[in-house]
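Student: Give me coordinates for this.
(one chain, ligands or ions: 1)
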Amino acid sequence: MIIEKDKNLKGLNTLGLNINTAWYSAPSSVDEIRWLLGNSQFRELPVLIMGSGSNILFTGDFDGLVIHPALKEITITDSDSESVTLRVGAGVDWDDFVAYCTDRGWGGVENLSLIPGCVGASPVQNIGAYGSEVKETIVSVEYIDISTREGFTLTNSECRFGYRDSIFKRELRGATIITFVSFRLALNPLLNFDYSDVAAKLSQISNPSLHDVREAICSIRRAKLPDPEIVRNAGSFFKNPVVTEERAMTLKEANPTLKLFPADPGYIKLPAAWLIEQCGFKGVREGNTGVHQNQALVIVAYKGATGVEILEFAKKIKRAVKTRFDIDIEMEVNVIASS
Ligand SMILES: Cc1cc2nc3c(=O)[nH]c(=O)nc-3n(C[C@H](O)[C@H](O)[C@H](O)COP(=O)(O)OP(=O)(O)OC[C@H]3O[C@@H](n4cnc5c(N)ncnc54)[C@H](O)[C@@H]3O)c2cc1C
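Tutor: Numbers count the residues shown, from 1 in each chain. This is a model prediction of the structure:
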């Protein structure tokens, strides 16, 4: 296992922020992870776990140890006439895993095609897209406690998944290294292409296959979302706020163009992009940062942008939405303050 000192992370975060970490390592087994955590050189240092850095905003250098779990195994652990269960290493690229499943005709994750990141990060914010969330296929999550180095397994319900939320963003925030995630995939999947964009894309195909759904979603995402390799970004910067039905109806009356989306009973999800656009931020550039011209939810980092600059701009957007609509929009991106 290689341990690098003063490693630059510019190429390892999708915002392309030019920051350094004091130490960096990519252990490829549970034993290597335990060894790193127990090593006297690192034991007292702050630890940050990174997958592909697609949901992280650094506001400065990290004076600690960055661990990128590089466990890459995919093992079939169970199967029956209806499903197959896979135990997947945290370091497997998420979209490679989706392709692996769809190529074999195993359904459940196809709507999450082309989401950047690693499998180990997928339960952290319960990744979701096009009417699907990863919690629908997760059976269990294995992790190592960073302070005790003990291993634990949480069942799906113990992960307390919510909208872009889980126990790993709350009680266990920053305390775990997810090593393996087990998924149950359907052998005869019921395809979900209700989402209007996907339905429109597939309208010419009489009986769409799993592969057709994946292709449609990849093509929609490529057309709609900026590629971080070309325009540096971290995907949706804010979560869609959830408000009471009563509040949503009042807003809708005053703003007929506002679209409402179902949430838990009695609640409605509002599109943060619409709120941001109404506040006049779509396409606006300030210094080396700005809001993407086609996607009001995406904050972009132009050449030379710093994390602090992006964070200040995000706070400005948040304040504007609060002032105009009296709604708090929460950041989806994980802010890593310099240590
Ligand atoms: C262009 C673009 C589009 C996106 N579209 C979507 C989308 O449609 N839906 C969606 O839900 N998200 C989307 N995202 C956000 C992002 O892809 C997901 O949040 C993804 O799961 C992050 O994976 P990562 O490996 O890059 O995690 P990182 O950004 O490296 O880490 C994210 C968080 O998870 C923690 N973490 C990572 N790995 C582990 C681990 N093994 N153990 C414990 N903690 C860990 C980190 O400490 C950090 O807090 C998008 C991002 C981009 C750039």
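Student: residues in this structure within reach of the ligand, list them.
Tutor: Within the chain, the residues that sit near the ligand (Cβ under 6 Å from any ligand atom) are 14, 48-56, 69, 90, 115-118, 120-122, 124-125, 127-129, 176-178, 225, 228, 233-235, 334. Heads up, the C-betas are built off the backbone N, CA and C, glycines and all.
Student: Helices of the stretch 101-250 of the chain, residue ranges please.
Tutor: 196-202, 210-224, 245-254 (DSSP state H, counting those that start in this stretch).
Student: So which residues make contact with the longest one?
Tutor: Among residues not part of helix 210-224, those counted as contacts by Cβ atoms under 8 Å, 6 or more residues apart in numbering are 98-99, 102, 105, 107, 110-111, 113-114, 129-130, 189, 191-193, 197-198, 201-202, 205, 208, 294-295.
Student: shaky segments in the stretch 1-150 of the chain?
Tutor: Nowhere does the stretch 1-150 of the chain drop to pLDDT under 70.
Student: For it, which segments count as strands?
Tutor: Applying DSSP state E, counting those that start in this stretch to the stretch 1-150 of the chain gives strands spanning 3-8, 20-25, 47-49, 56-58, 62-67, 74-79, 83-89, 128-129, 132-133, 138-145.
Student: Hey, what's the angle from the first one to strand 20-25? Just curious.
Tutor: An angle of 150 degrees separates the directions of strand 3-8 and strand 20-25 when computed by axes from the mean of the first three to the mean of the last three Cα atoms, to 10 degrees.
Student: Work out the gap between strand 3-8 and the centre of the chain.
Tutor: 25 Å (Cα atoms, centre = their mean, to the nearest Å).
Student: Turn the helices of the stretch 101-250 of the chain into JSON lines, including mean neighbour count and mean pLDDT.
Tutor: Shown next, in JSON lines, are those (neighbours: other Cβ atoms under 10 Å; pLDDT from 0 to 100):
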{"stretch": "helix 196-202", "mean neighbour count": "16", "mean pLDDT": "90"}
{"stretch": "helix 210-224", "mean neighbour count": "17", "mean pLDDT": "95"}
{"stretch": "helix 245-254", "mean neighbour count": "14", "mean pLDDT": "95"}
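Student: export those helices to JSON lines and tack on distance to Glu158?
Tutor: Below are these laid out as JSON lines (distance: least, Cβ to Cβ, whole Å):
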{"stretch": "helix 196-202", "distance to Glu158": "31"}
{"stretch": "helix 210-224", "distance to Glu158": "29"}
{"stretch": "helix 245-254", "distance to Glu158": "30"}
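Student: Out of those, which is closest to Leu37?
Tutor: helix 210-224 (36.1 Å; Cβ to Cβ).
Student: Output that closest one as PDB - backbone C-alpha positions only.
Tutor: Backbone C-alpha positions of helix 210-224 (Å, rounded to 0.1, in the frame of the first residue of the first chain) are rendered in PDB as follows:
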ATOM      1  CA  LEU A 210     -33.300  -2.700 -19.100                       C
ATOM      2  CA  HIS A 211     -30.600  -1.700 -21.500                       C
ATOM      3  CA  ASP A 212     -32.900   0.800 -23.200                       C
ATOM      4  CA  VAL A 213     -33.700   2.400 -19.900                       C
ATOM      5  CA  ARG A 214     -30.000   2.800 -19.100                       C
ATOM      6  CA  GLU A 215     -29.200   4.200 -22.500                       C
ATOM      7  CA  ALA A 216     -32.100   6.700 -22.300                       C
ATOM      8  CA  ILE A 217     -31.000   7.900 -18.900                       C
ATOM      9  CA  CYS A 218     -27.300   8.200 -20.000                       C
ATOM     10  CA  SER A 219     -28.300  10.200 -23.000                       C
ATOM     11  CA  ILE A 220     -30.600  12.500 -21.000                       C
ATOM     12  CA  ARG A 221     -27.900  13.100 -18.400                       C
ATOM     13  CA  ARG A 222     -25.300  13.800 -21.000                       C
ATOM     14  CA  ALA A 223     -27.500  16.400 -22.600                       C
ATOM     15  CA  LYS A 224     -28.700  18.000 -19.400                       C
END
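Student: mind listing what Leu187 touches?
Tutor: By Cβ under 8 Å, 6+ apart, the contact set of Leu187 is 81-84, 105-107.
Student: Quick one: buried ones out of those residues?
Tutor: 83-84, 106-107 (16 or more other Cβ atoms under 10 Å).
Student: Please tell me how far whichever strand or helix holds Lys322 is from the chain's geometric centre.
Tutor: Secondary structure assignment for Lys322, by DSSP states H and E: helix 307-325. Its chain's average C-alpha position is 21 Å from that of helix 307-325, according to Cα atoms, centre = their mean.
Student: Lovely, talk soon.
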